[in-house]
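Colleague: A structural model of the following input is requested.
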Amino acid sequence: MEWIKALKESIDYMEKHLLSDCTMEKVADYVHISPFYFQKAFKMMTGYTIGEYIRNRRLYLAALDLIKTEEKVIELAYRYGYDTPESFTKAFSRFHGLSPMQMKKLPYKIKPFLPLKISISVKGGDQMEYSIESMEAFEVIGIGRRFSYEEAFDKIPSFWREWKNERDCTKETDLFGYCIGKYGISIDEGLNSSDFYYLIAGDYKGNLGQEGFNIVKIPALTWAKFRCIGPMPEALQALNTRIFNEWLPENVDYEIASGYNIEIYEEGDINNINYRSEIWIPVRKQTKKQDKSKTNQS
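Modeller: Numbering: from 1, shown residues only. Reported below is the predicted structural model:
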């Protein structure tokens, strides 16, 4: 339940800092979770990125101020983190469907966006297939690109499509038998940056690499390996959602250990109902908290 507690605390933090410099990195640091996994879990559990949630809350509160006070648009724009009245008006209109001036005349058309309530839904009858395995460090080779946490959900699939198109054209990306495309690896370097590194990769076998390809060493870690059967991307997306909505919140033994996330893709028809893939998440044993009452009695 520590995972749920952290997400609830993150929402409380965001509510208290909506009018200040509230960023995803600061929220993740507050709850001591890797920015990559924090953003991923938040999106999976709520349907919003951190940035979307903060923007929507601010625009709702701005509309309340607009209706209840005589403040000018320029004042509201600066209060709620916009550089210009024009950018505020554009965002306001996109969210509420009305401009600020129209909202003043039609206040009943305000679009509510209240603080989120985090809860879990325990489901039975369909167990996730996974194993916990410790692995030595290993090397991969592939092509990488940096993505912002906010845009990753949309841009990484485009990165894969772009790579597959180039691969079909050149036929050179597997020149040394690396099977590039076997892995999709996210690496959160923990540098408090607003982005992370993503690698389309294969197993590095010690040969000389090709120009433009990167060799990355994945450290020795213990992994929770979740197996998936079904067509892509729907089956893997569904598994991802279940990991963050069910497995992590209910797990009392393990917690996420570091900022790596690996997806494994087998060769074959990705549209086949029996297509196999995997998700690997680095984990460590949760620290058992000592009962303070017992400690005081001893």
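
Colleague: please make it C-alpha for all contacts and neighbour counts, starting now.
Modeller: OK.

Colleague: what stretches of the stretch 1-150 of the chain score poorly on pLDDT?
Modeller: 1, 118-127 (pLDDT under 70).

Colleague: nope, the stretch 151-298 of the chain is what I was after
Modeller: In the stretch 151-298 of the chain, residues with pLDDT under 70: 167-177, 190-193, 208-210, 288-298.

Colleague: element containing the most centrally placed residue in the chain, please.
Modeller: A centroid search over the chain (CA atoms, centre = their mean) returns Lys40, at 1.8 Å, as the residue closest to the centre. Applying DSSP states H and E as the criterion places Lys40 in helix 35-46.

Colleague: likewise for Ile143?
Modeller: strand 138-148.

Colleague: ok, then the element right after that strand?
Modeller: Per DSSP H and E, the first helix or strand lying C-terminal to strand 138-148 is helix 152-170.

Colleague: what's the first helix or strand after that next one?
Modeller: strand 183-187.

Colleague: contacts for that following strand next, please.
Modeller: 196-202, 259-265 (CA atoms under 8 Å, 6 or more residues apart in numbering).

Colleague: now list the buried members of those.
Modeller: For those, a neighbour count by 16 or more other CA atoms under 10 Å gives the buried set as 196, 198-202, 259-265.

Colleague: so which of those residues belong to helices?
Modeller: Applying DSSP state H to those, no entry is found in helices.

Colleague: and of the residues you listed, the nearest to Pro107?
Modeller: Checking those against Pro107 with CA to CA, the nearest one is Phe196 at 41.2 Å.

Colleague: give me the nearest residue to Ser93, chain neighbours excluded.
Modeller: Ser99 (4.6 Å; CA to CA, 6 or more residues apart in numbering).

Colleague: check contacts around that neighbour.
Modeller: 89-90, 92-93.

Colleague: ditto for Thr46
Modeller: Leu116.

Colleague: how close does it sit to Lys225?
Modeller: Plainly put, Thr46 is 24 Å away from Lys225 if you go by CA to CA, to the nearest Å.

Colleague: next, the angle from the helix holding Lys40 to helix 152-170.
Modeller: Going by axes from the mean of the first three to the mean of the last three CA atoms, to 10 degrees, helix 35-46 is angled at 110 degrees with respect to helix 152-170.

Colleague: before we move on, the earlier item: make JSON lines from the buried ones among the contacts of strand 183-187 and add distance to Arg146 to it.
Modeller: Listed next are the buried ones among the contacts of strand 183-187 as JSON lines, based on distance: CA to CA, whole Å:
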{"residue": "Phe196", "distance to Arg146": "6"}
{"residue": "Tyr198", "distance to Arg146": "6"}
{"residue": "Leu199", "distance to Arg146": "9"}
{"residue": "Ile200", "distance to Arg146": "12"}
{"residue": "Ala201", "distance to Arg146": "14"}
{"residue": "Gly202", "distance to Arg146": "18"}
{"residue": "Gly259", "distance to Arg146": "14"}
{"residue": "Tyr260", "distance to Arg146": "14"}
{"residue": "Asn261", "distance to Arg146": "15"}
{"residue": "Ile262", "distance to Arg146": "16"}
{"residue": "Glu263", "distance to Arg146": "17"}
{"residue": "Ile264", "distance to Arg146": "20"}
{"residue": "Tyr265", "distance to Arg146": "21"}
